[in-house]
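Asks: Mind looking at a prediction? Sequence and model below.
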Amino acid sequence: MKTDEWIAGHAKMLTHLSDTVWQYAEQALQEERSAAILRQVLQEAGFDIEEDLGGMSTAFSASWGSGKPVIGFLGEYDALAGLSQKPVAHREALVTGGCGHGCGHNLLGVGALGATLALQQRMQELGLHGTIKFFGCPAEEIMTGKIRMAAAGCFDGLDAALTWHPWQTNFVVNQPFLAMNTAKFTFHGVSAHASANPELGRSALDAVELMNVGVNYLREHVPTDVRIHYSITNGGGEPNLVHARAQSYYYIRALRRQSVDSVFKRVVAIAHGAAQMTETQVEIELLSGCWHILPNKPLNELLYSCMIKVPTPQWSKDEQEFARESLREFPPEKLEEIRSSYDGYLAPGELLDTHVQPLGDGKNMSWGSTDVSDVSWITPVAMIGTCCTPMAAMCHSWQMAASVGMSIGHKGMLYAAQVLALAGERLITDGEVLTRAGKELECQRGNIIYQSITPKHIS
Ligand SMILES: [Zn+2]
């Protein structure tokens, strides 16, 4: 049976699995039940399971077959705090204050799993040689899972890896993702009565504020692709005391890993300067970091050819109505602006994509970051996005959390699984694509040696 037929024939099982993960809605590094249910399906299908990868109980791999080539599928399943949502076209939490799949990772994990199982079946049927590996990658939202797995050597030995992400459109994700560091800066001062004895106090909050001022002046003197954002995670307590402890939380991004390293050093220097000015101490904790992505043209072209071969999802009247209703309060001018960026191929009133966007030149920026990038330094990687949510229903929104728990998301997931399975079959049967993909990786990597960014204290 062809892979797309297998997936269509198992649509019920896959959507049930995805809805189950959607209902579990477990946050990063707590995805015990989500990981377990995917592991079980793969184990029952005859895959060898390796658990606790990279020291994470919710990370695993599942392998089947033998010898070369070795093709990986990357799956995720972590949810987001505060985004619990019923699968309805208005804001209504499933669990008040609970987590929700506002990034559609319930679909992501199951879609990649569907591709893996369909390819296994096809390889059995045709007697094809090779190994397929599904990677259960937790904690993408906190930029942790694949980075720790990469550090543990989990992706070594792969000839290529494929993945996808639920999106508003159908396309090959041929765009730069930024390298990033995330870090917390905790200042320690001396508390005192703010009115009676201010001279005895040393303010940690002053240090946080001065650091932010310093960093805001730094912005003028960094390359234009650098992005710096922060929040104050501890601003002290009552105003009538000098705050002994205050903390800021920074994300620093850039097009290249090397820029992040250099700007991060300057931010650290500013933190020390702020500590010196206020006679406080600063404790710096680098929480996570990812690399920029290496695009892989041969794999992107392969995925594009598969995307246009597999029929895209078509949407029912009810689904179109759901999309319209869920965006009822979205500013109409902004909606029109987004619609016009679709080159007019969405009919008036339609908010769900049925086309495959042309393979871009890789110059459109996403301005986001992903830990898939780290895998792209180890093995050739490519990714697609499929329409699982209405246009303008952005990642991390309640609208997306709703649509990925109902038929719009299901259809996008099944399409993604069909595309990835077909691409996987071509990689297994056409060694020439893999050779070109491997050469492209070598060329893109140049003489830079990848090293994963591990959490650490910085002095
Ligand atoms: Zn995501």
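Replies: That came through fine. Numbering: from 1, shown residues only.
Asks: List the buried residues of the helix or strand containing Val268.
Replies: Applying DSSP states H and E as the criterion places Val268 in helix 257-278. Within helix 257-278, the residues that count as buried by 16 or more other C-beta atoms under 10 Å are 257, 259-260, 263-264, 267-268, 270-272, 274-275, 278. For glycine as for every other residue, the C-beta is placed from the backbone atoms N, C-alpha and C.
Asks: Extract the C-alpha set from the helix or strand of the chain with the lowest mean pLDDT and format it as CSV.
Replies: Using mean pLDDT, DSSP states H and E, the weakest-scoring helix or strand in the chain turns out to be helix 332-340, at a mean of 80. Taking C-alpha atoms only, helix 332-340 is exported to CSV below (Å, rounded to 0.1, in the frame of the first residue of the first chain):
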residue,chain,number,x,y,z
PRO,A,332,-10.0,43.7,9.7
GLU,A,333,-7.2,45.9,8.3
LYS,A,334,-4.6,43.6,9.7
LEU,A,335,-6.5,40.6,8.3
GLU,A,336,-6.5,42.3,4.9
GLU,A,337,-2.8,42.9,5.2
ILE,A,338,-2.1,39.2,5.8
ARG,A,339,-4.5,38.2,3.1
SER,A,340,-2.6,40.4,0.6
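Asks: just to revisit the earlier point, for the record, mean pLDDT for the helix holding Val268?
Replies: The predicted model assigns helix 257-278 a mean pLDDT of 98.
Asks: Now do that helix: which elements does it pack against?
Replies: When contacts are defined as 3 or more C-beta pairs under 8 Å, 6 or more residues apart in numbering; DSSP states H and E, helix 257-278 sits against strand 179-188, helix 204-218, strand 245-254, strand 281-290.
Asks: Give me the residues contacting it.
Replies: For helix 257-278, the external contacting residues (C-beta atoms under 8 Å, 6 or more residues apart in numbering) are 179-181, 183, 185, 187, 189, 202-204, 206-208, 210-211, 214-215, 218, 222-223, 225-226, 228, 250, 252-254, 280-282, 284, 286, 289, 291-292, 448, 458.
Asks: if you set the cut-off to 6 Å instead, what comes out?
Replies: The contact list for helix 257-278, computed with C-beta atoms under 6 Å, 6 or more residues apart in numbering, reads 179, 181, 185, 203, 206-207, 210-211, 214-215, 222-223, 226, 252, 254, 282, 291-292, 458.
Asks: hmm, which of these are the buried ones?
Replies: Buried among the contacts of helix 257-278 by 16+ other C-beta under 10 Å: 179, 181, 185, 203, 206-207, 210-211, 214-215, 222, 226, 252, 254, 282, 291-292.
Asks: residue closest to the middle of the chain?
Replies: Thr370 (4.6 Å; C-alpha atoms, centre = their mean).
Asks: and that residue, how far is that from Phe177?
Replies: Going from Thr370 to Phe177 by C-beta to C-beta, to the nearest Å gives 5 Å.
Asks: just Leu241 next, same as before
Replies: 43 Å.
Asks: Who has more neighbours out of those two?
Replies: Phe177 (25 against 16; other C-beta atoms under 10 Å).
Asks: C-terminal to the helix or strand hosting Thr131, which secondary structure element comes first?
Replies: Per DSSP H and E, Thr131 falls inside strand 130-137. Next helix or strand after strand 130-137 toward the C-terminus (DSSP H and E): helix 145-151.
Asks: Can you report how many residues lie near Met1?
Replies: Met1: 12 neighbours (other C-beta under 10 Å).
Asks: swap in Ser341?
Replies: With neighbours defined by other C-beta under 10 Å, the count for Ser341 comes to 10.
Asks: Pull out the buried residues from the least confident helix or strand of the chain.
Replies: Arg339.
Asks: now for it, which elements pack on it?
Replies: Helices and strands touching helix 332-340, by 3 or more C-beta pairs under 6 Å, 6 or more residues apart in numbering; DSSP states H and E: there are none.
Asks: With only the CA atoms kept, save the helix or strand that comes right after it in CSV.
Replies: Per DSSP H and E, the first helix or strand lying C-terminal to helix 332-340 is helix 372-376. Extracted in CSV, the C-alpha atoms of helix 372-376 (Å, rounded to 0.1, in the frame of the first residue of the first chain):
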residue,chain,number,x,y,z
VAL,A,372,15.4,21.9,15.1
SER,A,373,18.3,24.2,14.0
ASP,A,374,20.7,22.3,16.3
VAL,A,375,19.9,19.0,14.5
SER,A,376,20.6,20.7,11.1
